[in-house]
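**Student:** Model the structure of this input:
(chains A and B)
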Amino acid sequence: MNSEFTIDAVRTAIQERKTTAFALAEEHYARIEKEDPHIGAFLTLCKDRALEQADRIDRMAAEGKPLPPLGGVPVAIKDVMVTRGVRSTAGSKALDNFIPPYDCTAVARLEAAGAVILGKTNCDEFAMGSSNENSGFHPVHNPRDLSRVPGGSSGGSAAAVAADMAVAALGSDTGGSIRQPASFCGVVGLMPTYGRVSRYGLIAFASSLDHIGPLTKTVNDAALILRTIAGRDPMDSTSADVPVPDYVVELDRPVRGLKLGVAKEYFGDGLDAEVRRAVESAIEKLRSLGCEIVPVSLPHTRYAIPTYYLIATAEASANLARYDGVRYGHRATGVKTLSDMYRRSRDEGFGAEVKRRIMLGTYALSAGYYDAYYLKAQKVRALLAQDFVEAFHTVDAIITPTAPTAAFRLGEKSDDPLAMYLADIYTVTADLVGIPGISVPCGETKEKLPVGLQILGKHFDEATVLRVAHAYERSA
Amino acid sequence: MKVSEKDVAYVAELANLDLTPHEREGMLRDLNSILDYVDLLNEVDTSNVQPMAQVSGHEQTGEGTIQNRSLAEVSRADILEGLRPSLPQDVALANAPDADQTFFRVPKVIER
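**Tutor:** Presented below is the predicted three-dimensional model:
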């Protein structure tokens, strides 16, 4: 990863006419052509749209007009966000030929801020997975070690940034899908507070848990993108009407005196020794920067994964009921009746993990099991939220590992759904509780695989999360 | 075993999935193993806990309390044309696997 190639650097170079947005886009496409056959990060490229936007930015630069904040910056979009006129599949064969008639709000806001959309990135089907092996098209390989997974489900977005095939990318996070691949690929990944960024145009997986956020090379870039995409959107009634601070300005406030919580529940069995060492030395680094490290307790942590897999699958079973082969998406041929058409279309369109989750969610919501599973999970969700309310009485942010291990090998966990689910053990709780979290690179294992440090903050307090991450990044 | 073959068939029916015999076998195994794991939640006493369906309105924020309206209170003024115009018919039908100029076409629903 070339971390010289940041948003500000790119925009400034175009503004000062040292290069053009057009040349930069072409350069990125050339790298995609060369590198992506080995990585598999992209599903669709949209050159016409990208070059047209690049042209527009170049004309502004030529006329000496100040460029917008993301002017000419080549970005990639996870394929769960719809793009007008550009195929959007959610990584599923069920949407193989779907050309949306509108743009996702986050994508539209990026483009309005001058970003050049290069294309759509690969992901686990409907964002369901932790390794990208559940893509309906092809897996993604980790640019740091091609025999390993990039994490998931935003694995294509993480890999695209890590391999310099995009300066930044958008991903989505329902149980860790931005932060965990960021950790595996050695990039920055930010999940904002639930409601901070509009979900309009995000193909729904689990509506009470879905978040859009950036994957970037630096914390500063994550702040820049969040500032662009955050804020109330009338098209999403769950988007919050809460003022958006200037995250970039906030980055430089001192961290001295901040209280950072460390919860023993995030350092238990199952945490890889090398990951633990890297995270512990990051904690010491933050202490040396003047942060006060405070032990906190999050006693319900071990219940987060079962809670998550009941709630997420229940919501998914309802959200994915819309794929019936009638209005768009895959339709089975040679069917006699309407109900045959529904079932065969869904059977042919969905992959194994998606079917598994639809089945589990349908079961958890079905008569006789609702109280024991879905309602129970919603109650434990309230207790998980309470854990954080109490912890945040004494601390400003909480620091944990992002994932229990570094990137694992392709095929290593793909036959064991439960083992795969545990890859999200440190990330799911923030989704359930709705708080923001970031993963920032914190060293490597002996095998040169990146490790991620996770920083969790209070609702709508991305500014503190970003500030701590920025201070750590600069000191590392 | 919590889930039987009969349950798998019933749930597949509810979910509008057919599933091959091979898929049903795998589903039986996976659902049982996941549900066994989920039993962990029975350790938690939730007798006095209100269920939490979504997070909005539960926020505790950085700079004191921000008044975030709960979802139930979100409303907008009535606008004659709605927030955005409806999609033109041809655009709405453009992705349809089968359509005429006006309607989505599906296999016959009612025999007569």
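
**Student:** any idea how far residue A:202 lies from chain B?
**Tutor:** Counting by CB to the nearest CB, to the nearest Å, the gap from residue A:202 to chain B is 16 Å. Yep, even glycine has a C-beta here, placed from its N, CA and C like the rest.

**Student:** That residue contacts residue A:79, doesn't it?
**Tutor:** No. Contact criterion CB atoms under 8 Å: residue A:202 and residue A:79 do not qualify, at 11.0 Å.

**Student:** Give me the more crowded residue out of these two.
**Tutor:** For residue A:202 versus residue A:79, the count of surrounding residues by other CB atoms under 10 Å in any protein chain shown is larger for residue A:79: 30 against 26.

**Student:** Check the chain and tell me which residue is nearest its centre.
**Tutor:** You didn't say which chain, so I picked chain A. residue A:178 (2.3 Å; CA atoms, centre = their mean).

**Student:** should've been chain B
**Tutor:** Among the residues of chain B, the one closest to the centroid is residue B:15, at 10.7 Å (CA atoms, centre = their mean).

**Student:** Now that residue. Nearest residue, chain neighbours left out?
**Tutor:** What sits nearest to residue B:15 in space, not counting adjacent residues and going by CB to CB, 6 or more residues apart in numbering or on different chains, is residue A:362, at 4.3 Å.

**Student:** and that neighbour, how many residues sit next to it?
**Tutor:** For residue A:362, the neighbour count with other CB under 10 Å is 25.

**Student:** residues contacting residue A:428?
**Tutor:** Taking CB atoms under 8 Å, 6 or more residues apart in numbering or on different chains as the criterion, residue A:428 is in contact with A:175, A:176, A:304, A:305, A:307, A:308.

**Student:** and the last one, how many residues sit next to it?
**Tutor:** Here the count is done by other CB under 10 Å, and residue A:308 has 27 residues near it.

**Student:** Quick check: it vs residue A:389, distance?
**Tutor:** Per CB to CB, to the nearest Å, residue A:308 is found 19 Å from residue A:389.

**Student:** Same question for residue A:79.
**Tutor:** Distance, residue A:79 to residue A:389, by CB to CB: 36 Å.

**Student:** What of residue B:101?
**Tutor:** 56 Å.

**Student:** The two: which has the busier surroundings?
**Tutor:** Using other CB under 10 Å, the more surrounded residue of residue B:101 and residue A:389 is residue A:389, with 14 against 7.

**Student:** Buried ones in the one helix or strand that one maps to, by neighbour count?
**Tutor:** Assigning secondary structure by DSSP states H and E places residue A:389 in helix A:376-394. Neighbour counts over helix A:376-394 (16 or more other CB atoms under 10 Å in any protein chain shown) mark A:376-388, A:391-392 as buried.

**Student:** Please apply the same query to stretch A:47-61.
**Tutor:** Across stretch A:47-61, burial judged by 16+ other CB under 10 Å covers A:49, A:50, A:51, A:53, A:54, A:57, A:58, A:60, A:61.

**Student:** Export the helix or strand hosting the second one to CSV, keeping only CA atoms.
**Tutor:** Just to be clear, that refers to residue A:50. In this structure, residue A:50 is located in helix A:47-62 according to DSSP H and E. The C-alpha trace of helix A:47-62 is given here as CSV (Å, rounded to 0.1, in the frame of the first residue of the first chain):
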residue,chain,number,x,y,z
LYS,A,47,-15.2,3.6,-16.7
ASP,A,48,-17.6,5.8,-18.5
ARG,A,49,-19.0,7.2,-15.3
ALA,A,50,-15.6,7.6,-13.8
LEU,A,51,-13.9,9.3,-16.7
GLU,A,52,-16.8,11.7,-17.2
GLN,A,53,-16.5,12.7,-13.5
ALA,A,54,-12.7,13.0,-13.8
ASP,A,55,-13.2,15.2,-16.8
ARG,A,56,-15.5,17.5,-14.9
ILE,A,57,-12.9,17.8,-12.1
ASP,A,58,-10.1,18.4,-14.5
ARG,A,59,-12.1,21.3,-16.1
MET,A,60,-12.5,22.8,-12.7
ALA,A,61,-8.8,22.5,-12.0
ALA,A,62,-8.0,24.0,-15.4
